[in-house]
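Asker: Return a 3D structure for these sequence lines:
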Amino acid sequence: MKVRILLADDHQIMREGLKALLGRLPSVQVVAEAENGIEALKLARQEKPDIIVMDIAMPDINGIEVTRQLKSELADIKIIALSMHSDRRFVSEILKAGASAYVLKQAAFEDLESAIKAVMKDRTFLSADILDSVVSDYVSQLTNSEYEAYRQLSDRERQVLQLLAEGNSTKEIAFKLHVSVKTIESHRQNIMNKLGIRTLAGLTKFAVREGLTSLDI
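Answerer: Reported below is the predicted structural model:
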C-alpha cells in the first residue's frame, strides 16, 4: 500500500516540484494539495493522509498552528515541516506542536525521501544543516512570560493574531473566518489583554517573534 501524502505550500512552483519528485517514488502517492492553512486543515480532515508535507509560513493559518490542531484531532498523521528558516525557534515550535521532521526548502529534494522513510518508522528527521544547532534543545520548554501568555490563547485567537499580523483588516478577517466583525473585535481585545500588548505593531512584532508568521510571506 502506498504512503498517501498531502502537500501544503502556498507557492505553486514548490508544490509542483515536490509533486514531480514524489512521483518518482513508487511507494508514495500525492492525494491532495493545499495552498493555505485553512485548506490544509480541510483537506487533511477529508483525505486523512499518512503524511502532510507542510510549509511553515502559510497564509491564513501557519503550519505550526495547523500542526497543533491536526495532531489533537488526527494523532496518527505524520507532519514533515518545510521552511526556508533554520532558526531554532521555528524548529522547536513545530516539533513541539507535533511534527516529526523539519526539512529546509533548499535541501528538500535531497532530504524529503529520507524524511518520509524516517517518519513512517516513527523517527524524527532534521535536515543536516540544522541538526547540530538544535538537537540539544529543540524540545526544551520556553518559560519567558510572553510565551506563557501566548499559550493561553485559543486556537481561534492565534489564527486571528496571525491574520492581523499579516495585515488583514477586522472586516477581512471576519469574512475569511465566516464570523461577525464584532466577534473579531472581541477576539482582538482578548488577545491584547492576554498578551499585555496594546498596539497592532506590537502584535505584529510578537507574531513574527513567536513564529506565527514571517515578514516574507
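Asker: How about the residue most central in space within the chain: what's its closest non-neighbour residue?
Answerer: For the chain, the residue sitting closest to the mean C-alpha position, by C-alpha atoms, centre = their mean, is Gly63 at 1.0 Å. Among residues not flanking Gly63 along the chain, Ile56 sits closest, at 4.0 Å (C-beta to C-beta, 6 or more residues apart in numbering). C-beta: built from backbone N, CA, C; applies to glycine.
Asker: And Leu153, by the same measure?
Answerer: The spatially closest residue to Leu153, leaving aside those adjacent along the chain, is Lys194, at 6.0 Å (C-beta to C-beta, 6+ apart).
Asker: can you check Lys2 too?
Answerer: The shortest distance from Lys2 to any non-neighbouring residue, by C-beta to C-beta, 6+ apart, is to Gln29 (4.3 Å).
Asker: how many other residues sit next to that neighbour?
Answerer: Neighbourhood size, Gln29 [other C-beta atoms under 10 Å]: 15.
Asker: check contacts around Leu104.
Answerer: Shown in contact with Leu104 (C-beta atoms under 8 Å, 6 or more residues apart in numbering): 82-84, 86, 111, 127, 129-130.
Asker: Among these, name the buried ones.
Answerer: Neighbour-count burial (16 or more other C-beta atoms under 10 Å) applied to these gives 82-83, 86, 111, 127, 130.
Asker: so how far is Asp76 from Leu21?
Answerer: Note on Leu21: its distance to Asp76, by C-beta to C-beta, to the nearest Å, is 24 Å.
Asker: Between those two, point out the one with more neighbours.
Answerer: Leu21 (16 against 7).
Asker: which non-adjacent residue is nearest the more buried one?
Answerer: Closest to Leu21 by C-beta to C-beta, 6+ apart is Phe109, at 5.6 Å.
Asker: what's next to stretch 163-176, contact-wise?
Answerer: 38, 59-60, 160, 177, 180-181, 183-185, 188, 191, 200, 203-204, 206-208, 212-213, 217.
Asker: Where does pLDDT dip in this structure?
Answerer: 132-147, 214-217 (pLDDT under 70).
Asker: just so I have it, where are all the helices in it?
Answerer: With DSSP state H as the criterion, the chain has helices at 12-23, 37-47, 63-73, 88-97, 108-120, 128-134, 145-150, 155-165, 170-177, 181-195, 200-209.
Asker: how far does the fifth one sit from the chain's center?
Answerer: Put simply, helix 108-120 sits 18 Å off its chain's centre (C-alpha atoms, centre = their mean, to the nearest Å).
Asker: Output the contacting helices and strands for that helix.
Answerer: Applying 3 or more C-beta pairs under 8 Å, 6 or more residues apart in numbering; DSSP states H and E, one finds that helix 108-120 contacts strand 3-8, helix 12-23, strand 51-55, strand 78-83, strand 101-104, strand 125-126.
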